[in-house]
Each structure stands twice: as C-alpha cells, then as structure tokens.
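Participant: Would you be able to build a 3D model of this:
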Amino acid sequence: MKDTALSKIHESLGAKMVPFAGYMMPVSYEGVNIEHETVRNSVGVFDVSHMGEFLIEGPKALELIQKVSSNDASKLTVGRAQYSCMPNETGGIVDDLIVYRVKEETYLLVVNASNIEKDWAHIQKYNEAIGAEMRDLSEAYSLLAIQGPKAAEAMQSLTSVDLSAIKFYHFVVGDFAGIEHVIISATGYTGSGGFEIYCKNSEVAQVWERVLEAGKPWDIKPIGLAARDTLRLEMGYCLYGNDITDTTTPFEAGLGWITKFSKEFVNSEALEDAKRRGPEKKLVGFELDDRGIPRQGYDIVDSQGKKIGEVTSGTMSPSLGKGIGLGYVPPIFAEEGSKVAIQIRKNAVPATIVKPPFYKG
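Facilitator: Here you go, the predicted structure:
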C-alpha cells in the first residue's frame with residue numbers, strides 16, 4: 001500500500017487509516033456524521049491525493065482528448081473544467097474524469113485512483129496514432145478538497161485570488177498558502193461548494209497546515225473518505241466501480257448529458273445506436289419508506305418480491321435521517337414515485353424512486 005505525502009499527519013491527528021485504491025487513506029477522524037455535518041454547514045478539508053493526474057500537451061492534445069472522452073472538450077476555454085467519461089469499445093465506461101484546460105495546448109485529466117494504470121494504458125493506446133505529449137503526474141502531485149459553504153470565506157486570507165469570483169467548474173492558477181502556481185478549482189464531490197487544490201507533494205504539508213490554521217475561526221475539520229461517500233451519495237453523484245463500470249453505458253447511468261455526438265470518439269457509433277434504442281436498465285435514486293440501511297449488492301425487488309435490480313450504492317443519509325441509495329432497474333420501474341423494495345436480509349423494506357439529489361441544501 002502506498003502512502004500519500006500526508007499519511008503521517010493523518011495518523012498524528014488520530015485518523016482511522018484503511019487501504020483504498022492502493023493507498024492507505026483516512027476513512028474517518030471523529031466519525032462520519034460529525035464530519036458530514038461539518039462539510040454541509042461550514043468547511044472541511046479532505047486529502048484526496050490518491051487521485052490520478054495526467055498532463056496532455058502539444059498541438060495534438062485536444063484531438064486525443066476528443067477521441068477518448070465523451071464530452072466535447074473543444075468547448076473548454078483556458079480556466080474551465082469539464083466532467084466527462086471515457087467510453088470503452090464494448091459500450092461500457094473506462095472511467096469518469098475531469099478535464100481542465102490549463103493553457104491553449106495543455107490539458108490536465110484527473111482520474112480515479114483505482115483506475116490510473118488502466119486509464120493511462122487506454123489513452124496511450126489511442127495516442128499511438130495521434131501523437132500528443134503525455135505525462136503521468138499522479139505520483140508527484142497532491143490534491144486537497146476544501147469543501148463546504150464557508151470555504152471561500154475561510155480560505156480567502158491564504159490567496160490574492162478572489163475565491164468568491166471563481167465560478168463552478170472554473171479554476172485559477174495562482175498563489176495559495178504561500179505556494180505559487182497552485183491550481184485553485186471550484187469543483188468538488190460533496191455538493192456543498194468549495195475548492196480543490198492541486199500542488200506538488202513537496203508543498204502539500206505546508207498547504208494542509210495553513211488551511212487548518214486559516215479555517216480555525218470556522219471550526220474547520222479534517223474529513224475522511226467515509227463522509228466523502230455519504231456526501232456524494234446525498235447528491236446522487238456516481239462512484240466508479242459501484243454506479244458506473246466497464247459494463248454500464250453512459251445512457252444507463254444517466255450520463256447522456258456528457259455524451260456529445262457532435263464529434264467522433266471511441267465507440268461513438270454504437271453508443272449513438274444504444275441511445276436511439278433506449279437503455280434496458282436505468283440508474284435511479286431511492287429512499288427507504290421504513291427503517292433500514294441499503295448496501296451495495298442488495299437486491300431491489302418488485303411488489304411480488306421478484307428481483308428487478310441491484311443496489312449499487314447505499315447509506316443512511318446523515319442529512320435526511322433515512323436510508324438512501326442508487327441502483328439499476330428496468331425503465332418501467334424508473335419513474336419518479338414508483339414503489340419498489342430493498343431486500344435487507346430477510347425483510348423487503350419498501351422504498352420510493354426519487355430523482356437525485358436527495359439533499360437539496
């Protein structure tokens with residue numbers, strides 16, 4: 001298992017460390033509910049340095065990104081980011097990612113930690129015929145997510161950049177916490193606003209320390225991966241490996257909005273056919289009507305107790321105080337308000353199909 005540049009600091013703060021995507025990561029410090037509420041109401045900081053970063057450069061950079069990603073990266077101007085996915089050759093998804101346009105011919109792709117090697121090989125395969133410059137920066141860079149409604153206010157003293165002026169899915173390369181040339185991005189995986197900070201491993205301890213110091217008046221707390229999961233699930237954000245995989249199509253996963261057929265990309269013709277036919281299953285959100293906690297792998301059943309699908313992500317929502325989850329069901333059961341049940345051990349617990357986000361804020 002690898003460590004991030006901050007692993008020893010997490011241990012000193014009393015974090016419970018667990019293996020995740022090849023790294024030892026902090027899963028919690030004080031407890032998931034406290035950490036979750038901190039992000040929803042104030043500000044918290046996550047070490048998500050396990051994420052992968054690829055730099056794609058040169059006159060062929062955009063051509064390569066357009067080939068491997070489903071969204072239209074030609075719409076990006078310098079200082080803007082875009083959510084996208086990489087389709088595979090059989091209809092599924094290699095990974096979901098964020099594409100940043102850093103300079104005219106320089107793009108940063110941020111990918112999931114568990115997929116770094118697979119993603120790199122996939123992109124490299126298509127680059128053989130294109131010839132863009134590729135660099136894997138994953139081992140050299142760290143990523144902090146400073147999330148919550150008070151993030152801009154709490155962090156403003158650390159930078160000359162006007163944080164409140166950075167729009168959602170925009171970013172600035174500027175000074176932060178005494179470090180020059182840091183990417184300050186108005187992105188995140190929590191639905192409560194905030195920023196993601198990209199810096200070198202050699203710089204991240206200083207940034208972490210100064211973030212916690214600057215955030216003291218707002219009761220900032222370090223936040224672990226367990227709360228990151230409950231926060232993203234309350235927003236209905238997909239998690240690769242659970243809600244999207246190499247066998248789920250973007251249309252089944254509700255990602256048609258990032259699948260643009262204005263250009264050609266890997267398997268685009270087959271995916272366009274799949275869109276016309278309509279998906280055989282759909283990713284839906286559900287809330288339990290009775291007590292219970294849905295978990296990944298639990299069956300979704302109809303009123304007769306017949307299995308119609310499977311839970312891909314589930315939890316007890318700290319904000320709502322009820323069980324929520326995502327899962328795939330046939331389109332006939334996917335309408336908002338439809339009644340299903342989740343098989344939790346011997347009990348079929350009634351549930352209602354709802355349209356995420358579960359947490360409205």
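Participant: which helix is the longest one in the protein?
Facilitator: helix 201-214 (DSSP state H).
Participant: In contact with residue 75, which residues?
Facilitator: Counting by CB atoms under 8 Å, 6 or more residues apart in numbering, residue 75 makes contact with residue 82. In this view, the C-beta of every residue, glycine as well, is placed from N, C-alpha and C.
Participant: before we move on, back to that, so which residues lie in contact with the longest helix of the chain, not counting its own?
Facilitator: The contact list for helix 201-214, computed with CB under 8 Å, 6+ apart, reads 5-6, 9, 45, 47, 49, 139-142, 144, 146, 154-155, 157-158, 176-179, 182, 197, 199, 220, 222.
Participant: partners of residue 101 in the sheet?
Facilitator: residue 107 (DSSP bridges).
Participant: ditto for residue 172
Facilitator: residue 184.
Participant: can you pull the pLDDT of it?
Facilitator: The confidence metric pLDDT takes the value 98 at residue 172.
Participant: Number of residues surrounding it?
Facilitator: Residue 172: 19 surrounding residues under other CB atoms under 10 Å.
Participant: In terms of secondary structure, what does the one helix or strand residue 126 maps to contact?
Facilitator: Using DSSP states H and E, residue 126 sits in helix 116-127. On a contact count with 3 or more CB pairs under 8 Å, 6 or more residues apart in numbering; DSSP states H and E, helix 116-127 meets strand 52-57, helix 61-68, strand 81-87, strand 93-103, strand 106-111, strand 133-136.
Participant: again, only using 7 Å
Facilitator: Helices and strands touching helix 116-127, by 3 or more CB pairs under 7 Å, 6 or more residues apart in numbering; DSSP states H and E, are strand 52-57, helix 61-68, strand 93-103, strand 133-136.
Participant: hmm, back to that, the helix or strand following the longest helix of the chain pairs with which strands, parallel or anti?
Facilitator: Following helix 201-214 in sequence order, the next helix or strand is strand 221-223 (DSSP H and E). Its sheet considered, strand 221-223 pairs with strand 44-47 (parallel) by DSSP bridges.
Participant: With only the CA atoms kept, save the strand it pairs with in CSV.
Facilitator: C-alpha atoms of strand 44-47 as CSV (Å, rounded to 0.1, in the frame of the first residue of the first chain):
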residue,chain,number,x,y,z
GLY,A,44,-13.8,20.7,6.0
VAL,A,45,-10.6,19.5,4.2
PHE,A,46,-10.0,16.1,2.5
ASP,A,47,-6.8,14.6,1.4
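Participant: which residues are contacting it?
Facilitator: 4, 6, 10, 26, 35, 38, 144-148, 211-212, 220-223, 228 (CB atoms under 7 Å, 6 or more residues apart in numbering).
Participant: Tabulate the helices and strands packed on helix 116-127 (CSV), appending distance to residue 109, mean pLDDT and mean neighbour count.
Facilitator: Converted to CSV, those look like this (distance: least, CB to CB, whole Å; pLDDT from 0 to 100; neighbours: other CB atoms under 10 Å):
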stretch, distance to residue 109, mean pLDDT, mean neighbour count
strand 52-57, 4, 98, 21
helix 61-68, 7, 98, 22
strand 93-103, 5, 98, 21
strand 133-136, 9, 98, 15
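Participant: The ones you listed: which one's closest to residue 359?
Facilitator: Residue 359 sits nearest to strand 93-103 of all those, at 20.5 Å, using CB to CB.
Participant: Show me what the closest one is in contact with.
Facilitator: 65, 69, 73, 76-78, 80-88, 107-112, 115, 118-119, 122, 171, 187, 238, 240, 244-246, 248, 250.
Participant: Leaving out chain neighbours, which residue sits closest to the residue nearest the centre of the chain?
Facilitator: The centre of the chain sits closest to residue 189, judged by CA atoms, centre = their mean, with a distance of 5.0 Å. For residue 189, ignoring the flanking residues on the chain, the nearest one in space by CB to CB, 6 or more residues apart in numbering is residue 232 at 4.9 Å.
Participant: I'd like to know how many residues surround that neighbour.
Facilitator: Other residues close to residue 232 by other CB under 10 Å number 19.
Participant: Three-state assignment for it, please.
Facilitator: helix (DSSP: H, G, I helix; E, B strand; the rest coil).
Participant: mind checking how far it is from residue 178?
Facilitator: Going from residue 232 to residue 178 by CB to CB, to the nearest Å gives 30 Å.
Participant: Out of the helices and strands packed on helix 116-127, the one nearest residue 167 is which?
Facilitator: Of all the helices and strands packed on helix 116-127, strand 93-103 comes closest under CB to CB, at 14.0 Å.
Participant: so who does the residue nearest to residue 189 touch?
Facilitator: 189-190, 239.
Participant: Confirm residue 287 sits in a strand?
Facilitator: Yes: applying three-state DSSP, one finds residue 287 inside a strand.
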